[in-house]
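need coordinates for the following:
(2 chains)
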Protein chains: 2
Amino acid sequence: MSLKGFVIDINGVLTAGEQPISNAAETLQKMKEKYMIRLITNSTSKNKVEAAEKLNKHGFSVEPDEIFSPIEAIKNYLKKRGGGAFFLSTQKTQKDFSEIPKTPVQAVVLTHAHEDFSFENMNRAFRYLLDGAVFIASGISKYYKEKDGLLYLDPGPYVKALEYATGKEALILGKPSRDFFLSAVSDMGILPSEAAVIGDDIETDVRGGMEAGLKGILVKTGKFRRSDLEKNIHPDFILENIGEVLENKLFL
Amino acid sequence: MSLKGFVIDINGVLTAGEQPISNAAETLQKMKEKYMIRLITNSTSKNKVEAAEKLNKHGFSVEPDEIFSPIEAIKNYLKKRGGGAFFLSTQKTQKDFSEIPKTPVQAVVLTHAHEDFSFENMNRAFRYLLDGAVFIASGISKYYKEKDGLLYLDPGPYVKALEYATGKEALILGKPSRDFFLSAVSDMGILPSEAAVIGDDIETDVRGGMEAGLKGILVKTGKFRRSDLEKNIHPDFILENIGEVLENKLFL
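Residues are numbered from 1 along each chain as shown, chains lettered A, B, ... in the order given. Below is the predicted model of the structure:
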């Protein structure tokens, strides 16, 4: 096995909630001596600078360019494709896409838009899609819990709304989409067969990465439950936590 | 055939755009001498008083209680069911539901909400549904053209969004739903087998009504196209226009 890089899920592998997982910071540091890494998340509320800062506050040593979220995947895609985009995203996230021109609109990009999922913005997105724009979204998850304890709609329902209205399928550039993992690997300049994904979610992380051709490593931290092993998904390796990567002769 | 009542689509049968269809007003008047009628529409932007007024301006003589839109169908349903409802509807439409209590929320009602499809309102609807409220919607159509020439999202996409988020299927109380036609017939106090639907849309009106057990009458006005006859739907009668009902011995 000639691994050159790791794609590592942040939440549940490196951190649990607001706390770092023990050994994760040292392990990551040692991995970085031999491998390239991309730390992945589906969240678009923080940009890569903010996400790296947050990890570094917890004792990690991460560069912004090592963070890979749908923002990066979508930016890479739009830059290759050319043309402008209409963003159904928060004002803050739109700033993270400042390199992408606004016109001519050849893509509609849907991320977590919060208050910007207004009737007017949804109608604008809908019309651009009917006019031929490609439809790109950061994910299809249904909802999430906010710090106020309440549940909020995630991008998924809005993706389904516009897919139903237009008959167009969205290109998903977030986990578990194959395209997202391929984009993360390509961002390191290596091939999928030269990379492994490390995740605590056997479906979203491990199966998603394996379907893109990466080796799949499941860790038993974060959201891992024993019943996950009965889902007929077969990770290449199952480790107690990311620290065990260093003990595995296959990698080091 | 012992018909007692007719369910008649307004747009395309009685009126075409802003104009009355010739003979429609006299025909309707004569039908009313022998039959009960309910004039149906999926639009919830006008209430029954306004819809009747609009028709009467065009020479019809219609009582508000002869208008039957999803507002009436939903109101009938909620009154039978009991409990309060949360409305994802315009402020104006919410007034048409003033008889329905606001609490305890045991139903979420989605009609054409326009600006009220805000992120906050969608989240509230979502949470009520997760808490056990039944999901009711006025229709599943995708979009419509406004007088400004632009296309706007109809309720359908928002229904799909909340269905996806909650895993709950909406009860549709508008055309072409069987439940809507049953509600219109029940509103006249008769049985489906004692009623006939007259419509220009072979799918939404005619098939919808026939699936609810009504006789189906297709008229070749409004949105009728010759190709509609190749859709493997078999109306009981096909007439040039509503005026021909009076010439048909089966009815009069």
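
domain assignment for chain A?
For chain A, the structural domains run A:5-69+A:175-247, A:80-172, going by automatic domain parsing.

which parts of chain A are strands?
A:5-9, A:15-16, A:19-20, A:36-40, A:67-68, A:84-88, A:105-110, A:134-137, A:143-145, A:151-153, A:171-172, A:195-199, A:215-219, A:237-239 (DSSP state E).

tabulate those (JSON lines), appending distance to chain B and mean pLDDT.
Yep, even glycine has a C-beta here, placed from its N, CA and C like the rest. Formatted as JSON lines, those follow (distance: least, C-beta to the nearest C-beta, whole Å; pLDDT from 0 to 100):
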{"stretch": "strand A:5-9", "distance to chain B": "24", "mean pLDDT": "98"}
{"stretch": "strand A:15-16", "distance to chain B": "25", "mean pLDDT": "94"}
{"stretch": "strand A:19-20", "distance to chain B": "28", "mean pLDDT": "93"}
{"stretch": "strand A:36-40", "distance to chain B": "24", "mean pLDDT": "98"}
{"stretch": "strand A:67-68", "distance to chain B": "26", "mean pLDDT": "98"}
{"stretch": "strand A:84-88", "distance to chain B": "11", "mean pLDDT": "98"}
{"stretch": "strand A:105-110", "distance to chain B": "12", "mean pLDDT": "98"}
{"stretch": "strand A:134-137", "distance to chain B": "13", "mean pLDDT": "98"}
{"stretch": "strand A:143-145", "distance to chain B": "6", "mean pLDDT": "92"}
{"stretch": "strand A:151-153", "distance to chain B": "5", "mean pLDDT": "96"}
{"stretch": "strand A:171-172", "distance to chain B": "14", "mean pLDDT": "98"}
{"stretch": "strand A:195-199", "distance to chain B": "24", "mean pLDDT": "97"}
{"stretch": "strand A:215-219", "distance to chain B": "26", "mean pLDDT": "97"}
{"stretch": "strand A:237-239", "distance to chain B": "30", "mean pLDDT": "96"}
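
circling back: redo the domains of chain A as TSV? Include mean neighbour count.
Output for the domains of chain A, formatted as TSV (neighbours: other C-beta atoms under 10 Å in any protein chain shown):
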stretch	mean neighbour count
domain A:5-69+A:175-247	19
domain A:80-172	18
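
ok, the closest residue to A:Lys54 other than its chain neighbours to B:Asp116 distance?
The shortest distance from A:Lys54 to any non-neighbouring residue, by C-beta to C-beta, 6 or more residues apart in numbering or on different chains, is to A:Lys46 (6.8 Å). Counting by C-beta to C-beta, to the nearest Å, the gap from A:Lys46 to B:Asp116 is 30 Å.

only alpha carbons, please: show stretch A:180-199 as PDB.
Taking Å, rounded to 0.1, in the frame of the first residue of the first chain, the C-alpha atoms of stretch A:180-199 are listed here in PDB:
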ATOM      1  CA  PHE A 180     -16.600  15.600  -2.800                       C
ATOM      2  CA  PHE A 181     -14.100  12.900  -1.900                       C
ATOM      3  CA  LEU A 182     -12.600  13.000  -5.400                       C
ATOM      4  CA  SER A 183     -12.300  16.800  -5.100                       C
ATOM      5  CA  ALA A 184     -10.500  16.500  -1.700                       C
ATOM      6  CA  VAL A 185      -8.000  14.000  -3.100                       C
ATOM      7  CA  SER A 186      -7.500  16.000  -6.200                       C
ATOM      8  CA  ASP A 187      -6.800  19.100  -4.000                       C
ATOM      9  CA  MET A 188      -3.800  17.200  -2.600                       C
ATOM     10  CA  GLY A 189      -2.700  16.300  -6.100                       C
ATOM     11  CA  ILE A 190      -2.900  12.600  -5.600                       C
ATOM     12  CA  LEU A 191      -5.000   9.700  -6.800                       C
ATOM     13  CA  PRO A 192      -7.900   8.200  -4.900                       C
ATOM     14  CA  SER A 193      -6.000   4.900  -4.600                       C
ATOM     15  CA  GLU A 194      -3.200   6.700  -2.900                       C
ATOM     16  CA  ALA A 195      -5.600   8.100  -0.200                       C
ATOM     17  CA  ALA A 196      -7.500   6.800   2.800                       C
ATOM     18  CA  VAL A 197     -10.500   8.300   4.600                       C
ATOM     19  CA  ILE A 198     -10.700   8.300   8.400                       C
ATOM     20  CA  GLY A 199     -14.200   8.700   9.800                       C
END
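
centre of the chain versus that stretch, how much separation?
In terms of C-alpha atoms, centre = their mean, to the nearest Å, the centre of stretch A:180-199 is found 12 Å from the chain centre.

got the contact list for A:Lys75?
By C-beta atoms under 8 Å, 6 or more residues apart in numbering or on different chains, the contact set of A:Lys75 is A:Phe97, A:Glu99, A:Ile100.

one more: A:Lys32?
A:Ser61.

do the same with the one 4 residues further on
If you count contacts by C-beta under 8 Å, 6+ apart, A:Met36 has them with A:Lys4, A:Gly5, A:Phe6, A:Met188, A:Gly189, A:Ile190.

follow-up on the earlier one: out of the domains of chain A, which comes closest to B:Ala51?
Closest approach to B:Ala51 among the domains of chain A is made by domain A:80-172 (23.4 Å; C-beta to C-beta).

that closest one: how far from the chain's middle?
Worked out by C-alpha atoms, centre = their mean, domain A:80-172 lies 16 Å from the chain centre.

end-to-end on that domain?
16 Å (C-alpha to C-alpha, to the nearest Å).

quick revisit: of the contacts of A:Lys75, which is the nearest to B:Arg38?
Lowest distance from B:Arg38 to the contacts of A:Lys75 (C-beta to C-beta) belongs to A:Phe97, with 51.7 Å.

before we move on, the earlier item: is the residue nearest to A:Lys54 in contact with A:Pro64, as I believe?
No - taking contacts as C-beta atoms under 8 Å, A:Lys46 lies outside contact range of A:Pro64: 10.7 Å.
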